[in-house]
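1. sequence? don't have it. structure:
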Ligand code: APR
């Protein structure tokens, strides 16, 4: 089976009702990154950080995958589909995608602050001060904050190098190292960029830019790829 690697960002979940970060009224219009999504913020006022992620987690329990997520699942009929997402929601998984790699962590998980290998599923929206790991340390959101390493990037690069087809959906391509993954794809490999603000990425060949919303564009693109396979 041919391998399709799909890099997704917040735009993938926009039609599910989840705010993106840099669009108008996006999350970074209403919150300062350094106050809610950085190790410094966690050290200074952990309750504010917990509240930021509690609100997003609360919403995640109320929303559902959109037609874009379900279209990507259909690709699995004829392709080995590997999703590399910047998103911390679980909408790809809930839609039925089998292989999802989270570069920036997962909203529905919490992690020990003294042993990063201790990761816990959260089946409720609230993570509070005083919620501790089995070794007695405060639990933190299992999210990659600004300034922190992206442990999964090497694995994502390996997956991306072997793509027979590469797709980018719903990301402004401004946050590295995720945005750099497209440069690991072979020049001859067909690439697609689905986003209302999609642009021709400098130095990238064989790129088809589709300036449409994911929910509208992906069902058609998936039909094309299934018919061509
Ligand atoms: N369909 C497809 N794309 C959309 C849609 C939609 N319905 N709505 C918005 N978009 C696009 C926007 O045009 C934009 O290019 O989604 C992109 C959202 O960009 P950002 O808000 O910058 O989100 P993202 O690229 O995922 O951010 C990357 O930055 O803040 C960090 O860790 C955070 O993972 C995030 C990373």
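-> All right, it came through fine. Fair warning: this is a prediction, and the values are worked out from it, not measured in the lab.
2. For this structure, which residues are neighbours of the ligand?
-> On the criterion C-beta under 6 Å from any ligand atom, the ligand has as its neighbours in the chain the residues 9-11, 14-15, 20-23, 26, 86, 104, 170-172, 174-175, 195-197, 213-214. Placement of C-beta: from N, CA and C, glycine included.
3. which of those residues are buried?
-> Applying a neighbour-count criterion of 16 or more other C-beta atoms under 10 Å, the buried members of these are 9-11, 14-15, 20-23, 86, 104, 170-172, 175, 195, 213-214.
4. what sits up against stretch 101-110?
-> Residues outside stretch 101-110 that contact it (C-beta atoms under 8 Å, 6 or more residues apart in numbering): 53, 56-57, 60, 82-90, 119-123, 127, 131, 139-144, 150, 152-153, 155-156, 159, 178.
5. Show only the entries of those residues found in strands.
-> Mapping these onto strands (DSSP state E) picks out 82, 83, 84, 85, 119, 120, 121, 139, 140, 141, 142, 143.
6. quick check, nearest of those to residue 96?
-> If you rank the ones in strands among the contacts of stretch 101-110 by distance to residue 96 using C-beta to C-beta, residue 83 comes first, at 11.2 Å.
7. check contacts around the closest one.
-> Residue 83 makes contact with 6, 8, 72, 92, 97, 99, 100, 101, according to C-beta under 8 Å, 6+ apart.
8. For PyMOL, what selects the buried ones among the contacts of stretch 101-110?
-> A single PyMOL command suffices to select whichever of these are buried according to 16+ other C-beta under 10 Å:
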select buried, resi 53+56+57+60+82+83+84+85+86+87+88+89+90+120+122+127+139+140+141+142+143+144+150+152+153+156+159+178
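9. Let me see the mean pLDDT of stretch 44-60.
-> Confidence over stretch 44-60 (mean pLDDT, whole number) is 97.
10. Could you give the separation of it from the chain centroid?
-> For stretch 44-60, the separation from the chain centroid amounts to 18 Å (computed by C-alpha atoms, centre = their mean, to the nearest Å).
11. same question, stretch 217-225
-> Counting by C-alpha atoms, centre = their mean, stretch 217-225 comes out at 20 Å from the chain centroid.
12. same deal with stretch 180-196?
-> For stretch 180-196, the gap between its own C-alpha mean and the chain's C-alpha mean amounts to 16 Å (C-alpha atoms, centre = their mean).
13. ok, now how distant is residue 84 from residue 72?
-> 12 Å (C-beta to C-beta, to the nearest Å).
14. What of residue 122?
-> When distance is defined by C-beta to C-beta, residue 122 is 25 Å away from residue 72.
15. Tell me what the closest residue to residue 120 other than its chain neighbours is bridged to.
-> Ranked by C-beta to C-beta, 6 or more residues apart in numbering and with sequence neighbours excluded, the top spatial neighbour of residue 120 is residue 110, at 5.0 Å. When bridges are assigned using DSSP bridges, the partners listed for residue 110 are residue 120, residue 141.
16. State the distance from residue 110 to residue 33.
-> Residue 110 sits 21 Å away from residue 33, taking C-beta to C-beta as the criterion.
17. Pick out whichever of the two has more residues nearby.
-> Between residue 110 and residue 33, counting by other C-beta atoms under 10 Å, residue 110 is the more crowded of the two (24 against 14).
18. so where do the strands sit in this protein?
-> Listed in chain order (using DSSP E), the strands of the chain are 2-8, 79-85, 100-102, 105-112, 119-121, 139-143, 165-169, 191-194, 207-210.
19. Include mean pLDDT when you put those strands into CSV, please.
-> What follows is the strands of the chain, written out as CSV (pLDDT from 0 to 100):
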stretch, mean pLDDT
strand 2-8, 98
strand 79-85, 98
strand 100-102, 98
strand 105-112, 98
strand 119-121, 98
strand 139-143, 98
strand 165-169, 98
strand 191-194, 98
strand 207-210, 98
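20. Thank you kindly, that will do.
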